[in-house]
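Engineer: can't give you the sequence, but here's the structure:
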């Protein structure tokens, strides 16, 4: 059972994602000639994906009771989360690191992780989702590379004007910060419920902060590359 605070955070996160999408649309005219326009599309798509998960998934029914019971988890695991990871691999790899090969290698490795997940980790009672864990670890590599790039930039004194600073910070807080929680979710839930409650609240709060930082990146970020 979720407590009232967690339910409030779950409901708030959807509207914060919608807010980020609205801010992105308002600033679209300033970046429509840049690759950042795809970040606007991404935020809009993710908001509609989350809205569909909240109100639309229940409309779809399956004759297989196992699929019917897990359809929301499958929707996230095989569509929403891969969409998020592949987009960030593209943003970090192709547009920021200027390395298409890096993007394709990471994407291929991530897709292979689904095979490993179904083959070796499907019944695991320790690792909740191997493909999510592996996808996050790949993303963490890109995040570290971006931090290194920012730290060694000649324009580091103006970091607050760098759109990617806010995006990278948001990704760090949510995807990297909550990685242990989603990796060991089942283990924490059944054996360390108090830790699970605290960490779950953190994951929800960090998700909200991440989308607020995405919004700030459009307002304060001045990166024109």
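Structural biologist: The structure has been received and is ready for your questions. Being a predicted model, the structure only gives us computed values, none of them experimental.
Engineer: now the helices: where do they sit in the chain?
Structural biologist: 4-26, 28-31, 37-51, 65-75, 81-90, 100-120, 130-151, 163-171, 179-183, 185-191, 193-220 (DSSP state H).
Engineer: who wins for proximity to residue 57 among these?
Structural biologist: Nearest to residue 57 among the helices of the chain is helix 65-75 (5.2 Å), distances taken as C-beta to C-beta. Where you see a C-beta, it was placed from the backbone N, CA and C, and this is true even at glycine.
Engineer: which residue sits closest to residue 26, ignoring its sequence neighbours?
Structural biologist: residue 218 (7.8 Å; C-beta to C-beta, 6 or more residues apart in numbering).
Engineer: Which of the helices of the chain has the lowest mean pLDDT?
Structural biologist: Per-stretch mean pLDDT for the helices of the chain is lowest at helix 65-75 (a mean of 67).
Engineer: Which neighbouring residues are in contact with the residue nearest to residue 26, exactly?
Structural biologist: 23-24, 26-27, 31, 163 (C-beta atoms under 8 Å, 6 or more residues apart in numbering).
Engineer: and of the residues you listed, the nearest to residue 117?
Structural biologist: Among these, and counting by C-beta to C-beta, the member closest to residue 117 is residue 24, at 32.0 Å.
Engineer: List only buried entries from the contacts of residue 218.
Structural biologist: For the contacts of residue 218, a neighbour count by 16 or more other C-beta atoms under 10 Å gives the buried set as 23-24, 27, 31, 163.
Engineer: Now render those residues as TSV, adding distance to residue 4.
Structural biologist: Output for the buried ones among the contacts of residue 218, formatted as TSV (distance: C-beta to C-beta, whole Å):
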residue	distance to residue 4
23	28
24	31
27	35
31	39
163	36
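Engineer: follow-up on the earlier one: ok, which pair from the contacts of residue 218 is furthest apart?
Structural biologist: Once C-beta to C-beta is applied, the contacts of residue 218 give 26 and 163 as the farthest pair, at 15.0 Å.
Engineer: contact partners of stretch 188-206?
Structural biologist: 3, 5-6, 9-10, 13, 173-174, 177-178, 180-182, 185.
Engineer: Mind doing that once more with 6 Å?
Structural biologist: Contacts to stretch 188-206, defined as C-beta atoms under 6 Å, 6 or more residues apart in numbering, come from residues 6, 9, 173-174, 177-178, 181.
Engineer: Return the distance of it from the chain's centre.
Structural biologist: Distance of stretch 188-206 from its chain centroid, counting by C-alpha atoms, centre = their mean, to the nearest Å, is 18 Å.
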